[in-house]
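Undergrad: sequence plus predicted model, see below.
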Amino acid sequence: MRIVEHPVLTFGTGKEVAFTFEDKKMAGLEGEPIAAALHANGVRELREHHGRPRGFFCAIGNCSSCLMEVDGVPNVRVCVEPLKGGMVVKLQKGNGSLMLGGKA
C-alpha cells in the first residue's frame, strides 16, 4: 500500500521510524510525507470537515484535505510535511485552532 511514485513529490527511502496516530503505534520511512506513511498503514481518512471525511487529495499542499494535528500543532499539511521518528499525529475535526506565539 506504499505510494512510491508521484508526478510532483519524491518519496525518500529513509530508515524506518516509529510514530503514533490516534494512540496507535505505526511505522513509516523517515522523510516521506506523513500522509504517505499513514496511507501505507491503511489510514485513508486524514480529516473531517463539515461532518465528512477527507483523504489524501492533491498531495502538493494546495488544498486543505490533509490538515491534521502534528505534535500538538493544528493545521499541518501532512501531504508535504516530512515524517520524523516519534511524531504524534491526530485527526483534526473542522478548522482546528491557530497557534500564535504558542498560545491559541
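TA: Now that the structure is in, tell me what you want to look at.
Undergrad: which non-adjacent residue is nearest the residue nearest the centre of the chain?
TA: Using CA atoms, centre = their mean, the residue of the chain that lies closest to the mean C-alpha position is residue 78, 3.2 Å off. Nearest residue to residue 78, sequence neighbours excluded (CB to CB, 6 or more residues apart in numbering): residue 34, at 3.9 Å. No exception for glycine: its C-beta is placed from N, CA and C like everyone else's.
Undergrad: so the one you found makes contact with residue 71?
TA: No. Contact criterion CB atoms under 8 Å: residue 34 and residue 71 do not qualify, at 10.6 Å.
Undergrad: so which of these two has more stuff around it?
TA: Counting neighbours by other CB atoms under 10 Å for residue 34 and for residue 71 shows that residue 34 has the greater number, 25 against 12.
Undergrad: from residue 51, how far off is that one?
TA: The span separating residue 34 from residue 51 equals 24 Å under the rule CB to CB, to the nearest Å.
Undergrad: again with residue 31
TA: Counting by CB to CB, the gap from residue 31 to residue 51 is 34 Å.
Undergrad: got the contact list for stretch 76-92?
TA: 9, 17-22, 28-38, 45-48, 56-61, 64, 66-72, 74-75 (CB atoms under 8 Å, 6 or more residues apart in numbering).
Undergrad: now, the residues you listed that are in helices?
TA: 34-38 (DSSP state H).
Undergrad: and stretch 44-60, average pLDDT?
TA: Regarding stretch 44-60, the rounded mean pLDDT is 73.
Undergrad: for the protein, which helix or strand comes out least confident on mean pLDDT?
TA: strand 52-54 (a mean of 70; mean pLDDT, DSSP states H and E).
Undergrad: now do the strands in this protein.
TA: 16-21, 24-29, 47-49, 52-54, 67-70, 73-77, 88-90, 92-93 (DSSP state E).
Undergrad: which strands or helices does the third one pack on?
TA: Spelled out, it's strand 47-49. With contacts taken as 3 or more CB pairs under 8 Å, 6 or more residues apart in numbering; DSSP states H and E, strand 47-49 sits against strand 52-54, strand 92-93.
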